[in-house]
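1. Sharing a sequence plus its predicted fold:
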Amino acid sequence: MELQDLYFRNTWLEIDLDAIAHNVSEMKKRLMNSEKIIAVIKANAYGHGDVQVAKAALESGADYLAVAFLDEAISIRRKGIDAPTIIYGALSPNYVEIAAEQNLTVTVYSKKWILEASRILREKNLRIKIHIKIDSGMGRLGVRSSEEFHEILNLIDSEIFELEGVYTHFSTADELDETYVHEQVEIFKKIIDSMPCKPPMIHCSNSAAALRFENIRFTAVRFGIGMYGLTPAVGIKNLLPYELKPALSFHTRLSQIKKVTAGSRISYGARYQSKEDEWIGTLPVGYADGWLRKLTGQEVLVNGKRVPIVGTICMDQCMIRLPFEIENGTQVTLIGKNGNNNISVEEVAERLDTINYEVVCGISVRVPRIFKRNGKIIEIKNGLF
Ligand SMILES: *Cc1c(COP(=O)(O)O)cnc(C)c1O
């Protein structure tokens, strides 16, 4: 075994690639033959592990990959993934040469960008695939006016650029009120309809839209949060067309257990005080792992039972209150199934006043990832070596 296949700490993430495969193939079943799945693997696949998720997604019906910026794209190329990959963030034209050499697809979001990129690529005699991004109401990246869009079309020299796609992004696809999504679709459609020649990839749907609205998929969907088995928003969970299977679970092991007498203080600030004689367990996980300080009071699972975190969460450790003495080394589940019980990412997100996306993206590289496929461990990735 390579050193990076090992880990020595008692805290780990389990990534169930069978769940990724399920979520992708169920999406694929619902698409028309010509509709493609772009698997969104930015942010180390939402914390799950970019290359491993990319492979599982591609095997299960995904056609394309998407990342946020060039470094993420290079990361998967270095790991041997040569599937078509789009960078949907703003790439500096200065680096368009690197993107072309890596056979990446880039996003055109302004007239200025295409002018600068043209100059550089022409000089180097390189060609690159592009998707033009329309800002139909998100107010983030993209072209806002039809005039600028057509100016860009006219600037596309097919010796330098292969216009493969046009896309936009929704800001409210995960909300119950559909009004604004349809307004965005109308703006997008108008621009598409004005194109004399349509590119093969036209896409607007993120997971929420891909799962909810089958008539606005155009020719591809961008599948992110749903691929990880997480609902795009708690409010639309019961509108989803199939059961999403969460891929990630987060575990640790009891490092010490002690009986403290009534009135004992626990952790920084001495904020927790035991009401009676209590069993206190120490866990080797803390805020530097993404298990944030606000999670004091959150429950974790021990032998299938819920027990609370007590006292301030430290950088590398935190404490729980146990009903009775439990053996050192006992597995404790922070997220996922343990016995007949389960703690969802959404439960943790609610405690943190945030969304499931932020919780999984925030689990740090200090936590080794264990990948399972067909129920067996196939890879261990220690992010520190
Ligand atoms: C992150 C992102 C997605 C994926 O969104 P999900 O809600 O995770 O499916 C799709 N498109 C763009 C442009 C994004 O930034």
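-> Perfect, I can see it now.

2. Excluding chain neighbours, what is closest to whichever residue of the chain sits closest to the ligand?
-> Relative to the ligand, the nearest point of the chain is Gly224 (2.3 Å; C-beta to the nearest ligand atom). The way it works is simple: take the backbone N, C-alpha and C, and place the C-beta from them, glycine included. Leaving aside its chain neighbours, Gly224 sits nearest to Val40 (3.5 Å; criterion: C-beta to C-beta, 6 or more residues apart in numbering).

3. returning to what we had before: does the residue of the chain closest to the ligand really touch Tyr46, like I thought?
-> Yes - the criterion here is C-beta atoms under 8 Å, and Gly224 meets it with Tyr46 at 6.9 Å.

4. returning to that earlier point: and the residue of the chain closest to the ligand, how far is that from Val181?
-> Here Gly224 is placed at a distance of 17 Å from Val181 (C-beta to C-beta, to the nearest Å).

5. Tell me the secondary structure of Glu350, please.
-> Three-state call for Glu350 (DSSP: H, G, I helix; E, B strand; the rest coil): helix.

6. With Ala45 instead?
-> Per three-state DSSP, Ala45 ends up helix.

7. OK, contacts around it?
-> Counting by C-beta atoms under 8 Å, 6 or more residues apart in numbering, Ala45 makes contact with 52-54, 228.

8. again with Lys36
-> Lys36 makes contact with 63-64, 201, 219-221, according to C-beta under 8 Å, 6+ apart.

9. Can you list which of these are found in strands?
-> Secondary structure defined by DSSP state E assigns 64, 201, 220-221 of these to strands.

10. which of those residues come close to the ligand?
-> Among the ones in strands among the contacts of Lys36, not one lies near the ligand by C-beta under 6 Å from any ligand atom.

11. Reformat those as TSV; add neighbour count.
-> Compiled in TSV, the ones in strands among the contacts of Lys36 are given as follows (neighbours: other C-beta atoms under 10 Å):
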residue	neighbour count
Tyr64	23
Met201	22
Ala220	24
Val221	28
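
12. Can you tell me which of those is nearest Lys381?
-> Closest approach between the ones in strands among the contacts of Lys36 and Lys381, by C-beta to C-beta: Tyr64, at 23.6 Å.

13. In terms of pLDDT, where does the closest one sit?
-> Looking at Tyr64, its pLDDT is 98.

14. Spatially nearest residue to it (excluding sequence neighbours)?
-> With C-beta to C-beta, 6+ apart, the residue lying closest to Tyr64 is Ile38, at 4.3 Å.

15. On the strand side of things, show who the one you found bridges to.
-> Beta-bridge pairing for Ile38 (DSSP bridges): Tyr64, Arg222.

16. Burial check on it, number of neighbours?
-> Residues near Ile38, counting by other C-beta atoms under 10 Å, number 27.

17. Do I have it right that it meets Val67?
-> No - with contact defined as C-beta under 8 Å, Ile38 does not count as touching Val67 (10.6 Å).

18. Spit out the residues that contact these two alike.
-> Residues touching both Ile38 and Val67 (C-beta under 8 Å, 6+ apart) are Ile86.

19. still on that earlier bit, please tabulate the contacts of Ala45 in CSV and include neighbour count and secondary structure as additional columns.
-> Below are those laid out as CSV (neighbours: other C-beta atoms under 10 Å; DSSP: H, G, I helix; E, B strand; the rest coil):
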residue, neighbour count, secondary structure
Gln52, 22, helix
Val53, 28, helix
Ala54, 22, helix
Tyr228, 28, helix
